[in-house]
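>>> sharing a sequence plus its predicted fold:
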Amino acid sequence: MTANQTAQFERAFARAVAECIEVIDQGVDADGRPFYTVSGSKPGTQYLVIQVNAAQFACTCPAGQNGVICTHRAACRARLMAQASAAALAVATADAQRAADDDAREMELYPGYHADLDAAAARIQSNEVARAASGLDYDEFDELTHWEAMHGKAAADKERARLARLENAQVTFYADAEGVTHEAIGFDPDDARKDFSYLCSLND
């Protein structure tokens with residue numbers, strides 16, 4: 001609806017509420033169009049509102065016949081809006097319930113599931129803090145933590161330097177394979193290439 005039509009609808013709906021206009025019945029006509037039986041402002045009067053399309057309604061009341069957004073059309077549109085909101089709420093509630101049920105099943109099947117997730121998140125955060133403090137890049141830090149896990153102890157400065165050299169040698173090896181220029185790598189490729197086989201044998 002345009003801004004003007006929206007304003008007309010709001011005014012018409014306010015009058016519908018004040019005049020106790022309500023949708024009495026609804027159905028579908030022979031052409032498959034939804035229709036609504038709506039009470040009039042005078043006792044005993046009723047009008048028929050037909051939903052022409054998703055945004056257009058036609059009413060048999062005098063105002064509706066003259067193209068005015070009447071209280072009866074406003075009441076029908078408000079009813080549809082309320083039904084749509086209720087349907088959306090029902091879907092959201094069902095989704096939330098399914099998620100809660102899934103969590104409950106996971107807790108039943110794997111009692112430590114959420115604790116394991118929390119512990120994993122804590123390890124990731126701790127590792128990131130340690131990596132930042134070490135001054136190493138991600139690949140160098142992976143090499144270091146792998147070595148420490150394998151040997152069950154913290155690496156000394158000498159071992160850290162060796163692992164960094166190994167990382168450089170690996171970069172040169174793969175850069176050669178991909179045709180990357182040595183100047184773009186940032187270290188002496190000859191020294192790294194000489195050390196590559198030897199350093200790989202020590203990386204256990």
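Here it is on my side, so go on.

>>> tell me, how many residues neighbour residue 4?
Residues lying near residue 4 (other C-beta atoms under 10 Å) number 9. The way it works is simple: take the backbone N, C-alpha and C, and place the C-beta from them, glycine included.

>>> just the element for it, please.
helix 3-18 (DSSP states H and E).

>>> elements contacting that helix?
helix 71-109 (3 or more C-beta pairs under 8 Å, 6 or more residues apart in numbering; DSSP states H and E).

>>> residue 69 reaches residue 9, doesn't it?
Yes. The criterion here is C-beta atoms under 8 Å, and residue 69 meets it with residue 9 at 5.5 Å.

>>> the more surrounded of these two?
Counting neighbours by other C-beta under 10 Å for residue 69 and for residue 9 shows that residue 69 has the greater number, 23 against 16.

>>> kindly state the domain boundaries assigned to this protein.
As assigned by automatic domain parsing, the chain contains the domains 3-84, 113-202.

>>> name the residues that touch stretch 9-24?
Residues outside stretch 9-24 that contact it (C-beta atoms under 8 Å, 6 or more residues apart in numbering) are 1, 36-41, 46, 69-79.

>>> quick one: buried ones out of those?
Among the contacts of stretch 9-24, the ones that count as buried by 16 or more other C-beta atoms under 10 Å are 36-39, 69-79.

>>> among these, which pair sits farthest apart?
Spanning the widest gap among these are 37 and 69, at 18.6 Å by C-beta to C-beta.

>>> quick one: low-confidence ranges for this structure?
Low-confidence segments of the chain (pLDDT under 70): 1, 113, 147, 153-204.

>>> mind doing that once more with 90?
Applying pLDDT under 90 to the chain flags the ranges 1-10, 30-31, 41-44, 52-56, 64, 66-69, 79-81, 83-84, 102-204.

>>> in it, which spans are helices?
3-18, 62-65, 71-109, 113-134, 138-151, 157-178, 189-202 (DSSP state H).
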